[in-house]
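>>> Could you work out the structure for the sequence below:
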Amino acid sequence: MLKPETDDMGKYLQMTDIIDFGHDLVRAAAEKLGTDVMKNAGVPVEYGMSEYTASEKYYKDAHGSFDEYTTQMYGDEYLAYTGCSEQAAGYSEAAYVRAAFEYVRDAFPHSFDLLRSGKPVSRVSCKASDVLLNGHGICYAKSHLLAALLRIAGIPAGFYYQKLRFSDEDPALVLHAVSAVYLYSLGKWIRLDARGNHDGVNAQFSTNKELLAFPVRPELGEEDGLIIYAEPAHNVVEALNKSKTIYDLIHNLPGEV
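Next up is the predicted model:
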């Protein structure tokens, strides 16, 4: 069962040095995702909500109705288009989450997958913006990017860690990062794994049945975590920052949160 480490939902919306959604590249990626979702939904872009901060979005969802918020912030003209909050906001919450998830999963290869394919790999990614700059990242960094893209849209996102065998040949247990996302429309947290698919790995977006990258095998000592963390684990950030190359990172992967 998913257990948030805090009941303060604002903690899952904060910008940090790692979840750096103030970075121009992250902001641009989020804007494009939002625009694409609106177009796919058939909502005219001119009816989309103007730029707003995650804290404002959280305040709206936690303390007031959509109509009250939009009237206060933007005027009655927003309500003239439709009474439906999702249409007036310009996007569906679930559609944006899915678009962000699939973008992070598919557009940025897992760094270790690149190594296995024989392709050159650049610097180790840690911050959300690093993944955009470097074009790749391991599960930790990709979870940071997904959190940034969700938090900038006012959607709470956290981090959930599994303990998995590094490989069938190497039985050492290492942390694997999974994203946890709170959907206001459903009133619940869901888990999404954006590490990147390949043969034998098929993680998908789902709001009911979890479709993660790796099933946990308790008989081999693997474990599911218990807590949704508001910030990336210290051991995870330390491993990424101290590894100068992807080869270093392979030997620095933490086994504990």
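>>> Pull stretch 133-147 out as PDB, backbone CA atoms only.
Below are the C-alpha coordinates for stretch 133-147, written out as PDB (Å, rounded to 0.1, in the frame of the first residue of the first chain):
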ATOM      1  CA  LEU A 133      20.700  18.500 -21.500                       C
ATOM      2  CA  ASN A 134      22.300  15.000 -21.700                       C
ATOM      3  CA  GLY A 135      19.500  13.200 -23.500                       C
ATOM      4  CA  HIS A 136      19.500  10.200 -21.100                       C
ATOM      5  CA  GLY A 137      19.500   9.200 -17.500                       C
ATOM      6  CA  ILE A 138      19.100   6.200 -15.300                       C
ATOM      7  CA  CYS A 139      15.800   5.500 -13.400                       C
ATOM      8  CA  TYR A 140      16.700   8.000 -10.600                       C
ATOM      9  CA  ALA A 141      17.300  10.900 -12.900                       C
ATOM     10  CA  LYS A 142      14.300  10.100 -15.100                       C
ATOM     11  CA  SER A 143      12.100  10.100 -12.000                       C
ATOM     12  CA  HIS A 144      13.500  13.600 -11.100                       C
ATOM     13  CA  LEU A 145      12.500  14.800 -14.600                       C
ATOM     14  CA  LEU A 146       9.000  13.400 -14.400                       C
ATOM     15  CA  ALA A 147       8.500  14.900 -11.000                       C
END
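>>> mind listing what's buried in it?
Buried residues in stretch 133-147, counted by 16 or more other CB atoms under 10 Å: 134, 136-147. Heads up, the C-betas are built off the backbone N, CA and C, glycines and all.
>>> quick one: residue 190 is in a strand?
Yes. Residue 190 forms part of a strand when assessed by DSSP: H, G, I helix; E, B strand; the rest coil.
>>> just checking, it touches residue 179?
No. With contact defined as CB atoms under 8 Å, residue 190 does not count as touching residue 179 (9.1 Å).
>>> hang on, the earlier thing: and the buried residues of stretch 133-147, which is closest to residue 32?
Among the buried residues of stretch 133-147, residue 145 lies closest to residue 32 (CB to CB), at 13.9 Å.
>>> helix or strand for that closest one, which one?
helix 139-151 (DSSP states H and E).
>>> Let me know the average pLDDT across that helix.
What helix 139-151 shows for mean pLDDT is 98.
>>> swap in stretch 27-34?
On average, stretch 27-34 scores 95.
>>> returning to what we had before: between the buried residues of stretch 133-147, which is closest to residue 114?
Looking across the buried residues of stretch 133-147 and measuring by CB to CB, the closest to residue 114 is residue 136, at 5.8 Å.
>>> Surely the closest one and residue 112 touch.
No. Under the criterion of CB under 8 Å, residue 136 makes no contact with residue 112, lying 9.5 Å away.
>>> circling back to that earlier point, compute the inter-axis angle for the helix holding residue 145 and strand 188-192.
Counting by axes from the mean of the first three to the mean of the last three CA atoms, to 10 degrees, helix 139-151 points 140 degrees away from the direction of strand 188-192.
>>> After helix 139-151, which helix or strand is next? Please name it.
Using DSSP H and E, the helix or strand that follows helix 139-151 towards the C-terminus is strand 157-165.
>>> And the protein, what are its domain boundaries?
3-26+92-252, 44-89 (automatic domain parsing).
>>> How many residues are close by residue 218?
Residues near residue 218, counting by other CB atoms under 10 Å, number 8.
>>> Look up how far residue 163 lies from it.
Note on residue 218: its distance to residue 163, by CB to CB, to the nearest Å, is 10 Å.
>>> Where does residue 104 sit, in terms of helix or strand?
Using DSSP H and E, residue 104 falls within helix 93-107.
>>> Give the buried residues for that helix.
93-101, 103-105.
>>> Please compute how far that helix lies from its chain's middle.
Its chain's average C-alpha position is 8 Å from that of helix 93-107, according to CA atoms, centre = their mean, to the nearest Å.
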